[in-house]
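In: Requesting a structural model of the entry that follows:
(one chain, ligands or ions: 3)
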Amino acid sequence: MKDHAAVKAALRAMRIETPSWAYGNSGTRFKVYAQAGVPRDAYEKVADAAMVHRLTAAAPSVALHIPWDRVDDYADLARFAADQGIRIGAINPNVFQENDYKLGSVCHPDPGVRRKAVDHLLECVDIMDATGSQVLSLWFADGTNYAGQDSIAARQDRLADALREVYDRLGPDQRMLVEYKLFEPHFYSMDVPDWGTSYAHCVALGDKAQVLVDTGHHAPGTNIEFLVTVLLRFGKLGGFHFNSRNYADDDLMVGAADPFQLFRIAHELVRADAIRPDSGVEYMLDQCHNLEAKVPALIRSVLNVQEAVAKALLVDADALATAQQAGDVLGAHGVLMDAFSTDVRPLLAELRTELGVDPDPIAAYHASGYQQQIETARTGGQQAGWGA
Ligand code: LRH
Ligand code: MN
Ligand code: MN
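Out: Numbers count the residues shown, from 1 in each chain. Ligands and ions are numbered 1, 2, ... in the order given. The predicted model follows:
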């Protein structure tokens, strides 16, 4: 049996970043559902993120999406976050929601549109400087719908040029993470469809460029823990956008559909000692909560990640190595399954008590009166940014 104190120490150090956009109203392609009490601006999103951190002691930063979270004074927003006990995490530029970007952003055939997109990315590095953020989180909706619509090769060249210009603008402590996505919004070709494309561009750029794995962005059946392991091996895993999927980019609560997949990913991360905050791997959520209340959904998501990681930390690495070495297939698999089958909730409750937070953060949220408070105080909440 693994030493519980060591497991708790690792969990105590682990940080999970929540996304500002998960606090806003969202929906499906067909309808955005307004909820009472959702934030009206970036400050209120930061306040909600701080509430998640107060209750979990595990989510000390919030990612921003620009321009969804545009404010007059980013240093002031960072100060507000610090007053609330959290900090600004990754900055996510948005180059997918203007008419100009219909045919792409940094890969657009028109150099004028490309210039506009790159200028926005550079502006986001300025926002990193102002907020103290060290992570630029890039995702491009660029692609084509029809064979022959544009040159795939030329688009790769344009992508490389844009990434290079932004990379060269990064400060010494700043990194760029390049996210990929199999399909959507484009259906014939995406310009960064997979981790291989992202990896190749990051290698060409240098050490400050790494791959971002969004767990919802793969073909069904993709072995995500395999690609995570390969990226870790080459020092190119920059971070995650955690969420859960059944069919496509569902953006449901991490660990909801397949907690075993999350555990398998966590096992590879623990094996590589990548849970530590200084490991260089960012643990971020990328979700939207269409039906459920947002703040408790984010709390639940943080708990789901902690549960998967706790189980992974309980894997008896020596027994596993011995079984693997001996070619004991069932024995090795059994070691993993023993850990996965462990109920880690008591251990996590104990950890929370030690950290001075309620052992049941969701119950604590409902008892706190926060939901009633925001519903009374906030009217006309902001849409997360996308949707109908
Ligand atoms: C794209 C994506 C990307 C965006 C976010 C809102 O599907 O995963 O990370 O920035 O959703
Ligand atoms: Mn994402
Ligand atoms: Mn996505």
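In: what's near enough to touch the residue of the stretch 251-388 of the chain found nearest ligand 1?
Out: In the stretch 251-388 of the chain, no residue comes nearer to ligand 1 than D286, which is 4.9 Å away by CB to the nearest ligand atom. Where you see a C-beta, it was placed from the backbone N, CA and C, and this is true even at glycine. Shown here is D286, whose contacts under the criterion CB atoms under 8 Å, 6 or more residues apart in numbering are 19, 22, 214, 216, 241-243, 251.
In: any idea what sits nearest it, other than its immediate chain neighbours?
Out: Leaving out its chain neighbours, the residue that sits closest to D286 by CB to CB, 6 or more residues apart in numbering is H241, at 3.4 Å.
In: That neighbour should be in a helix, yeah?
Out: No: counting by DSSP: H, G, I helix; E, B strand; the rest coil, H241 falls outside a helix, being strand.
In: For R233, grab phi and psi.
Out: Per-residue torsions, R233: phi -60, psi -40 (degrees, to the nearest 10).
In: Do you have the strands of the stretch 101-250 of the chain handy? List them.
Out: In the stretch 101-250 of the chain, the strands defined using DSSP state E, counting those that start in this stretch lie at 135-138, 143-144, 175-179, 189-190, 209-214, 237-242.
In: Then the stretch 251-388 of the chain?
Out: Under DSSP E, counting those that start in this stretch, the stretch 251-388 of the chain gives strands at 282-285.
In: Spell out which residues of it are next to ligand 2.
Out: D286 (CB under 5 Å from the ion).
In: got the residues of the stretch 251-388 of the chain near ligand 1?
Out: By the rule CB under 6 Å from any ligand atom, the part of the stretch 251-388 of the chain lying against ligand 1 is D286.
In: who in the stretch 101-250 of the chain is up against ligand 1?
Out: So the stretch 101-250 of the chain meets ligand 1 at 139, 179, 181, 214, 241, 249 (CB under 6 Å from any ligand atom).
In: Cross-check the residues you listed against ligand 2 and keep the overlap.
Out: Contacts with ligand 2 within these, counted by CB under 5 Å from the ion: 214, 241.
In: Neighbour-wise, which one of the residues of the stretch 101-250 of the chain next to ligand 1 leads?
Out: H241 (28 neighbours; other CB atoms under 10 Å).
In: For it, give me its contacts.
Out: Each residue near H241 by CB under 8 Å, 6+ apart is listed here: 179, 212-217, 284-286.
In: let's go with 6 Å and repeat that
Out: 214, 284, 286 (CB atoms under 6 Å, 6 or more residues apart in numbering).
In: Check the gap between the last one and V62 for me.
Out: When distances are taken as CB to CB, to the nearest Å, D286 and V62 turn out to be 12 Å apart.
In: what do these two both touch?
Out: Contact criterion CB under 6 Å, 6+ apart; residues shared by D286 and V62: none found.
In: Pipe the residues of the stretch 101-250 of the chain next to ligand 1 into CSV and attach distance to D207 and pLDDT per row.
Out: Below are those laid out as CSV (distance: CB to CB, whole Å; pLDDT from 0 to 100):
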residue, distance to D207, pLDDT
W139, 21, 99
E179, 18, 99
K181, 24, 98
D214, 22, 99
H241, 21, 99
D249, 29, 97
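In: And the residues of the stretch 101-250 of the chain next to ligand 1, which is closest to ligand 1?
Out: Nearest to ligand 1 among these: W139, at 3.9 Å, using CB to the nearest ligand atom.
In: can you map out the helices along the stretch 101-250 of the chain?
Out: Assigned helices in the stretch 101-250 of the chain, in chain order: 111-131, 152-169, 195-205, 224-233 (criterion: DSSP state H, counting those that start in this stretch).
In: could you check the angle strand 209-214 makes with the third one?
Out: Direction vectors for helix 195-205 and strand 209-214, defined by axes from the mean of the first three to the mean of the last three CA atoms, to 10 degrees, enclose an angle of 160 degrees.
In: Show the secondary-structure elements that helix 195-205 is packed against.
Out: Applying 3 or more CB pairs under 6 Å, 6 or more residues apart in numbering; DSSP states H and E, we find helix 195-205 packed against helix 152-169, strand 209-214.
In: got any ranges where the stretch 151-300 of the chain has weak pLDDT?
Out: Within the stretch 151-300 of the chain, not a single segment meets pLDDT under 70.
In: returning to that earlier point: generate CSV for the strands of the stretch 101-250 of the chain, with distance to A162 as supplementary columns.
Out: What follows is those, written out as CSV (distance: least, CB to CB, whole Å):
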stretch, distance to A162
strand 135-138, 10
strand 143-144, 15
strand 175-179, 11
strand 189-190, 15
strand 209-214, 12
strand 237-242, 18
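In: out of those, which comes closest to N304?
Out: strand 237-242 (8.6 Å; CB to CB).
In: strands paired with that closest one, and their directions?
Out: When pairs are called by DSSP bridges, strand 237-242 turns out to pair with strand 209-214 (parallel), strand 282-285 (parallel).
In: Let's see that strand as CSV, backbone CA atoms only.
Out: The C-alpha trace of strand 237-242 is given here as CSV (Å, rounded to 0.1, in the frame of the first residue of the first chain):
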residue,chain,number,x,y,z
LEU,A,237,3.6,18.3,-23.4
GLY,A,238,2.7,21.9,-22.4
GLY,A,239,-0.7,21.3,-20.8
PHE,A,240,-4.2,20.1,-21.0
HIS,A,241,-7.7,21.3,-21.6
PHE,A,242,-9.6,18.7,-19.7
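In: Understood, closing this out.
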